[in-house]
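**Q** Got a predicted structure here, sequence first:
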Amino acid sequence: MSVVLVVHGGAWAIPDELAKASVDGVKTAAREGFSVLKRGGSALDAVEVAVRSMEDNTVFNAHGGTLNTDGEVELDAFIMDGQTLASGAVSSVKNIANPVSLARAVMEKTSHMMLTSRGANLFAESIGTAMIPTETLVTEYERKEWKKHKDYMTGVMEDFSTRAHDTVGAVALDSAGNVACATSTGGIRNKMVGRVGDSPIICGGYADNFSGAVSCTGHGESILKVTLARLILSKMEQKSVTEALQMSLQHMGDRVQGAGGAIVVSPSGHWAATFTTERMAWAAVEHDVLWYGLEPL
Ligand SMILES: NC(=O)C[C@H](N)C(=O)O
């Protein structure tokens, strides 16, 4: 069984000055995730490692790029195991460096699928997760941008053309034939306090050994309206991975005027990375060969 790891660093109009660093960041994350698979590790471990790599990489402005209306960072993350359909999520959690690992802990250490806000933070404390000051998650640049655009609609209407996004995601197929997905995000700049997007919901990501794994990025409310991850997987029953992705994103654009992107891997190892925004940094490793780019594949 050939193993595959695909990552994205968020779909938006990445400016030229960030292009190289974004591609380097996804390449590193893809290599780190793939090394887990190469050692015989699980798809679940691989997607967590890949997403953590991007959460820790400042080029993705990980978790500091999206202040809410109160100027705070509220984070959402999701992870799903395609073998069992178990998943874990956190939403509106604060002061955490790696929400994807907290999401995994929700999946593995609680009887629930999602913890939100204060409850997510209390759980994090109870399992010994380090709390970090919000200011360490926020860049000077973001603080200035936030003051400039004090309006959620500005970020959305500019069609993801401002630095309002910091979503990262990964999908993997391991040597046992199991798939997994993970996504982590700060959401969208100037979102209302408590706003939850698609990323932590079984909608912005999905993994099932019988159909494949998807991680989405883009305008969360649009992704939710068309249940994008499941839409892509259902189209894959009859279409190629690339066609299924393109058709689903096209539908989201036509039906609810939403832009975004996604990565996908099928149970047989076919994969794709496509988007309807200007750019999305993506990388994939298959048969030890690294693929990457800022254009749709
Ligand atoms: N940039 C993103 O992908 C944002 C994320 N989908 C959200 O709406 O929260």
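**A** That came through, no problem.
**Q** Helices of the chain, residue ranges please.
**A** In the chain, the segments counted as helices under DSSP state H are 16-38, 43-55, 99-109, 117-126, 140-148, 152-157, 220-225, 228-235, 241-256.
**Q** Including mean pLDDT, could those go into CSV?
**A** Shown next, in CSV, are those (pLDDT from 0 to 100):
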stretch, mean pLDDT
helix 16-38, 95
helix 43-55, 97
helix 99-109, 98
helix 117-126, 98
helix 140-148, 72
helix 152-157, 57
helix 220-225, 97
helix 228-235, 98
helix 241-256, 98
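**Q** hey, which of these is tucked in deepest?
**A** Mean neighbours per residue, mean count of other Cβ atoms under 10 Å, is largest over these for helix 43-55, with a mean of 27. For glycine as for every other residue, the C-beta is placed from the backbone atoms N, C-alpha and C.
**Q** C-alpha coordinates for it, PDB please?
**A** Below are the C-alpha coordinates for helix 43-55, written out as PDB (Å, rounded to 0.1, in the frame of the first residue of the first chain):
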ATOM      1  CA  ALA A  43      -2.300   8.400   9.300                       C
ATOM      2  CA  LEU A  44      -3.600   9.900  12.500                       C
ATOM      3  CA  ASP A  45      -0.100  10.600  13.900                       C
ATOM      4  CA  ALA A  46       1.000  11.900  10.600                       C
ATOM      5  CA  VAL A  47      -1.700  14.500  10.200                       C
ATOM      6  CA  GLU A  48      -1.200  15.700  13.800                       C
ATOM      7  CA  VAL A  49       2.600  16.000  13.200                       C
ATOM      8  CA  ALA A  50       2.100  17.900   9.900                       C
ATOM      9  CA  VAL A  51      -0.500  20.300  11.400                       C
ATOM     10  CA  ARG A  52       1.600  21.000  14.500                       C
ATOM     11  CA  SER A  53       4.500  21.900  12.200                       C
ATOM     12  CA  MET A  54       2.400  24.500  10.500                       C
ATOM     13  CA  GLU A  55       0.800  25.700  13.800                       C
END
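**Q** That concludes my questions; thank you for your assistance.
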